[in-house]
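In: Sharing a model prediction with you, sequence too.
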Amino acid sequence: MEFQNVSVKRRSIRKYKALPVEHEKVRAVIEAATLAPSWKNSQVTRYYVAESKEAVAAVRETMSEYNRGNTANAPVLIVVAIEKNRSGFGADGKPTNELGNGWGLYDCGLQNMNLLLKAADLGLGTLVMGLRDAEKLKSIFSVPDSQIIVSVIALGYADIDPQMPPRKSVDEIAKFF
């Protein structure tokens, strides 16, 4: 699929078919994520992938009631974390500018966008969610204290075809000098 097509096609999916996602496709979306750029090639994003029914149920229990409903049949839930204090920090451990860990989150966003676009390219739907219990997720997957839980991404076959919501025009978001 061409970039323009996949970027226009990708949507946040809030209803999934009760169908498994092939493990090779799950690996492919994670691999696509690894191709994104990062601060000094620090590659700080980590993925904890719940594919078994038990693991998916455990992750779902950490999410808000709203997002549990949105992901009722999603067969894969991906917990996203970043390594703290690496991206945007010098060798001395000090932030290189005022954003500090913001660079790690920025890099995570770049990786996640690659993941979302690859999923769309493979015919899969996704939903990025931030309403979750980070401490419970850390416990479920034995996430080290050196990492921060960022989000949960649902992955599966869409059972809806939502329309694109209105987008701001280039003139509304950019100033050219």
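Out: Perfect, thanks for sending it.
In: which outside residues touch the stretch of helix or strand residue 79 belongs to?
Out: Taking DSSP states H and E as the definition, one finds residue 79 inside strand 76-83. Strand 76-83 is contacted from outside by 21, 26, 30, 42, 44-51, 55-56, 59-60, 71, 101, 104-105, 107-108, 112, 115, 137, 141, 143, 146-156, using C-beta atoms under 8 Å, 6 or more residues apart in numbering. To be clear about C-beta, it is placed using only N, CA and C from the backbone, and glycine gets the same treatment.
In: mind redoing it with 7 Å?
Out: 21, 26, 44-51, 56, 59-60, 71, 104-105, 108, 112, 137, 141, 143, 146-156 (C-beta atoms under 7 Å, 6 or more residues apart in numbering).
In: Sort out which of those are buried, if you could.
Out: Buried members of these, counted by 16 or more other C-beta atoms under 10 Å: 21, 26, 44-51, 56, 59-60, 71, 104-105, 108, 112, 137, 141, 143, 147-156.
In: Which single strand of this structure contains the most residues?
Out: Longest strand in the chain by number of residues (criterion: DSSP state E): strand 147-156.
In: and after that strand, which helix or strand comes next?
Out: helix 170-173.
In: who touches residue 49 in this structure?
Out: 26, 76, 78.
In: could you redo the last one with a cut-off of 6 Å?
Out: residue 78 (C-beta atoms under 6 Å, 6 or more residues apart in numbering).
In: my read is it is in a strand, agree?
Out: Yes. Using DSSP: H, G, I helix; E, B strand; the rest coil, the secondary structure at residue 49 is a strand.
In: in the protein, which segments are predicted with low confidence?
Out: Along the chain, segments meeting pLDDT under 70 span 1.
In: now the strands for it?
Out: Going by DSSP E, the chain shows strands at 45-50, 76-83, 125-129, 147-156.
In: can I get the ones you listed in TSV with distance to residue 165?
Out: Shown next, in TSV, are the strands of the chain (distance: least, C-beta to C-beta, whole Å):
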stretch	distance to residue 165
strand 45-50	26
strand 76-83	23
strand 125-129	14
strand 147-156	18
